[in-house]
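>>> I'd like to go over a predicted model; first the sequence, then the structure.
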Amino acid sequence: MRKYKVLLVDDEPDIIEFLSYNFAKYGFEVTTASDGEQGLEQAAASRPDVIVSDILMPKLSGVKMCEKMKQQEALRNVPFIFLSATPDDLVALTALDAGGDKFMSKPVRLPVLFDAVERLLERYSFRHY
């Protein structure tokens, strides 16, 4: 069975550490970035199967990162999940309008996150790369 790759993007080191540990434990190959600019670079370099990103970050927000990714042929079909501590419906709609597939509030429950990841991987599997 193929090992899926996840790119985790968040400016909070504790969140990155927590998610990295759990995605690796779940069987994913993990790549991380601490802001949207790094996220774009890592996405181009590692070609992840799914991206989980915060929205509010320095340098480049998760929303802008997603918009830029969706403009690139090689990355446009990568499923994108937003995690945010901001429970604002407008923020969620903006994230989804940017091309995100799912918006989840922090703190996220891991079983719910992994279920969303599995569903997106199944949905995108026929058109990814």
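Sure thing, it's come through. Numbering: from 1, shown residues only.

>>> Please name every helix or strand in contact with the helix or strand of the chain with the lowest mean pLDDT.
Lowest by mean pLDDT, DSSP states H and E among the helices and strands of the chain is helix 89-97, with a mean of 90. Secondary-structure packing of helix 89-97 (3 or more CB pairs under 8 Å, 6 or more residues apart in numbering; DSSP states H and E): helix 62-70, strand 80-84, strand 102-105. (Glycine included, C-beta is placed from N, CA and C.)

>>> in stretch 70-88, what counts as buried?
For stretch 70-88, a neighbour-count test (16 or more other CB atoms under 10 Å) marks 75, 78-84, 86 as buried.

>>> State the mean pLDDT of that stretch.
For stretch 70-88, the mean per-residue pLDDT is 92.

>>> Endpoints of it, how far apart?
Using CA to CA, to the nearest Å, one end of stretch 70-88 lies 23 Å from the other.

>>> do the same with stretch 72-89
This stretch, stretch 72-89, spans 27 Å end to end (CA to CA).

>>> Distance to T31 added to the helices and strands packed on helix 89-97, as JSON lines?
Below are the helices and strands packed on helix 89-97 laid out as JSON lines (distance: least, CB to CB, whole Å):
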{"stretch": "helix 62-70", "distance to T31": "14"}
{"stretch": "strand 80-84", "distance to T31": "14"}
{"stretch": "strand 102-105", "distance to T31": "19"}
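
>>> Which stretch among the ones you listed approaches G36 most closely?
helix 62-70 (3.6 Å; CB to CB).

>>> okay, the angle between the closest one and helix 89-97?
Using axes from the mean of the first three to the mean of the last three CA atoms, to 10 degrees, the direction of helix 62-70 lies 10 degrees away from that of helix 89-97.

>>> so what does helix 62-70 touch, helix or strand wise?
Other helices and strands packing on helix 62-70, by 3+ CB pairs under 8 Å, 6+ apart, are helix 36-46, strand 50-54, strand 80-84, helix 89-97.

>>> Let me know which of the ones you listed is tucked in deepest.
Sort the helices and strands packed on helix 62-70 by mean neighbour count, taking mean count of other CB atoms under 10 Å, and strand 50-54 sits at the top with a mean of 26.

>>> Good, wrapping up.
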